[in-house]
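# compute the structure for the input listed below.
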Amino acid sequence: MSADCCSAKSTELEKLALQREQRRVLVVVLAINAVMFVLEFGAGVIAGSTALMADASDMLGDAVVYAVSIYALARSERWKAGAAMLKGVVILCLGLGIAVNVALKIESGVPPSSTLMVAFGTLALAANLVCFRLLTRFRHQDVNMASTWECSRNDLINNCGVLLAAALVWWFASPWPDIAIGGVMALIFLRSAVRVIADAAPQLRAT
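Okay, here's the model as predicted:
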């Protein structure tokens, strides 16, 4: 009986220690994403880049996602599944918002500044590599952390897309590479949203 009790306490302490470490990491990546949203979105507006603004919007969405993840850490499995569902909805909204931005860019037809795209796209890639590395060790812990890691992985894909768009805009002196990459990013968001929602829904119903 005593041994079982000690074992149970040890397991609980391990869980609490892990939650504290998860919380610390999530706070760090939340701060990184919040700062990068301000910098990158401002650069996107000045550069006239759909891809940069889409990537910055993703940063804002991630900051919200990490805040929700922190809130769900010490709560029940139902709360964690609900947090994952909310993240899926946030990703879905971002994907739709980017699609609208792409449509507006098609109307204007003005090439963005490739120099600003490269500079801030590289900065965002470096920031997201740090976040991805911090989150990778927690990706199999639960549905909450798995969906958070999924968001971070999407960021790296988006950053590479921004840099590719910048190179093609410079090469062709055309807005279409920026528009095309923005459209692809919107599709990635929508696909990821469907996956996160599909993973969270059964667990939400089961709990």
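
# what backbone torsions are found at the most centrally placed residue in the chain?
By C-alpha atoms, centre = their mean, the chain has its centre lying nearest to residue 151, at 3.4 Å. Taking degrees, to the nearest 10, you get phi -60, psi -40 for the backbone angles of residue 151.

# which regions of the protein sit below the pLDDT cut-off?
1-18, 72-77, 141-144, 147, 207 (pLDDT under 70).

# residue 44 in helix, strand or coil?
helix (DSSP: H, G, I helix; E, B strand; the rest coil).

# quick check: it vs residue 201, distance?
33 Å (C-beta to C-beta, to the nearest Å). Heads up, the C-betas are built off the backbone N, CA and C, glycines and all.

# looking at these two, which is more packed in?
Neighbours around residue 44 and residue 201, counted as other C-beta atoms under 10 Å, are more numerous at residue 44. The numbers are 26 against 14.

# so who does the more buried one touch?
50, 51, 52, 53, 54, 55, 56, 120 (C-beta atoms under 8 Å, 6 or more residues apart in numbering).

# name the nearest residue to the fifth one, ignoring sequence neighbours.
This points to residue 54. Leaving aside its sequence neighbours, residue 54 sits nearest to residue 98 (C-beta to C-beta, 6 or more residues apart in numbering; 4.3 Å).
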